[in-house]
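A.B. asks: Let's see this in three dimensions:
(2 chains)
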Amino acid sequence: DTGVSQDPRHKITKRGQNVTFRCDPISEHNRLYWYRQTLGQGPEFLTYFQNEAQLEKSRLLSDRFSAERPKGSFSTLEIQRTEQGDSAMYLCASDPAKGERSSYNEQFFGPGTRLTVL
Amino acid sequence: GQQLNQSPQSMFIQEGEDVSMNCTSSSIFNTWLWYKQDPGEGPVLLIALYKAGELTSNGRLTAQFGITRKDSFLNISASIPSDVGIYFCAGYRGSNYKLTFGKGTLLTVNP
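C.D. replies: Model prediction:
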């Protein structure tokens, strides 16, 4: 399977615990994105990377959230001191980022990680 | 917050019927994308539109990029049960690369 993969698919944690999610983008895709989706809503942008550089962060990304893409391949999203409001689907997407707006900018999503904070 | 208004919020149709849904914004978008999401899964890209007025088909799906660049439409012809799911419009504004999504249209197809 050459699509975007995410691990784990489901995570249940207690309030106050730290959690880390992993995303493996499509091979050779330079841009990687993180989104959060709550019930009844569309995905909302959190942050994105061009190779290993984190280029933009949403106001939704509080200080408890940190994302990394150390070698420009896979990425991790860590949430510290989880709160019940963090419960959501966390989606990762990637695109080739090869130039002007075109089919190279079509974002392909992974299956998501469903986080439940008790 | 989200800036795309998607309608209708939900649709309940009979198998074989055609479906239309749309997405509007007060802002200009440079690219429109339509995704379908099944429960517990990530969105799957259906159609991408890059130019105002563009009309693009993918099988039974047809989408259009509005000439004002502030809206887009998705039509599904001859619906089948596997069309069930949530359809999202999404778009790029300006020169940034983050997608803005609508709230989705929930489609139910009665066999």
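A.B. asks: residues contacting residue A:29?
C.D. replies: Going by Cβ atoms under 8 Å, 6 or more residues apart in numbering or on different chains, residue A:29 touches A:94-97, A:108. Every C-beta, even on glycine, is put in place using the N, C-alpha and C of the backbone.
A.B. asks: Within the helices and strands, which one has it?
C.D. replies: Per DSSP states H and E: residue A:29 is located in neither a helix nor a strand.
A.B. asks: Okay, it and residue A:97: tell me how far apart.
C.D. replies: 7 Å (Cβ to Cβ, to the nearest Å).
A.B. asks: So, low pLDDT: which residues of chain A?
C.D. replies: A:1, A:98-104 (pLDDT under 70).
A.B. asks: Grab the most central residue of it for me.
C.D. replies: residue A:34 (2.7 Å; Cα atoms, centre = their mean).
A.B. asks: what separates whichever strand or helix holds it from the chain centre, distance-wise?
C.D. replies: Assigned by DSSP H and E, residue A:34 belongs to strand A:31-37. Its chain's C-alpha centre lies 4 Å from the corresponding centre of strand A:31-37 when counted by Cα atoms, centre = their mean, to the nearest Å.
A.B. asks: Could you list which of the contacts of residue A:29 also contact chain B?
C.D. replies: Subset of those in contact with chain B: A:95, A:97, A:108, counting by Cβ under 8 Å from any Cβ of the partner chain.
A.B. asks: and those as a markdown table, adding neighbour count and secondary structure?
C.D. replies: Formatted as a markdown table, these follow (neighbours: other Cβ atoms under 10 Å in any protein chain shown; DSSP: H, G, I helix; E, B strand; the rest coil):
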| residue | neighbour count | secondary structure |
| --- | --- | --- |
| A:95 | 21 | strand |
| A:97 | 17 | coil |
| A:108 | 20 | strand |
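A.B. asks: Helix or strand: which one has residue B:108?
C.D. replies: Judged by DSSP H and E, residue B:108 forms part of strand B:105-110.
A.B. asks: partners of that strand in the sheet?
C.D. replies: Taking DSSP bridges as the criterion, strand B:105-110 forms sheet pairs with strand B:10-14 (parallel), strand B:85-92 (antiparallel).
A.B. asks: neighbouring contacts of the first one?
C.D. replies: Counting by Cβ under 8 Å, 6+ apart, strand B:10-14 makes contact with B:19, B:21, B:79, B:105-110, all of which sit outside it.
A.B. asks: and the residue of chain B found nearest chain A, how many neighbours?
C.D. replies: When scored by Cβ to the nearest Cβ, chain B has residue B:101 as its residue closest to chain A, at 3.0 Å. Neighbour count for residue B:101, taken as other Cβ atoms under 10 Å in any protein chain shown: 24.
A.B. asks: just residue A:71 next, same as before
C.D. replies: Neighbour tally, residue A:71, other Cβ under 10 Å: 9.
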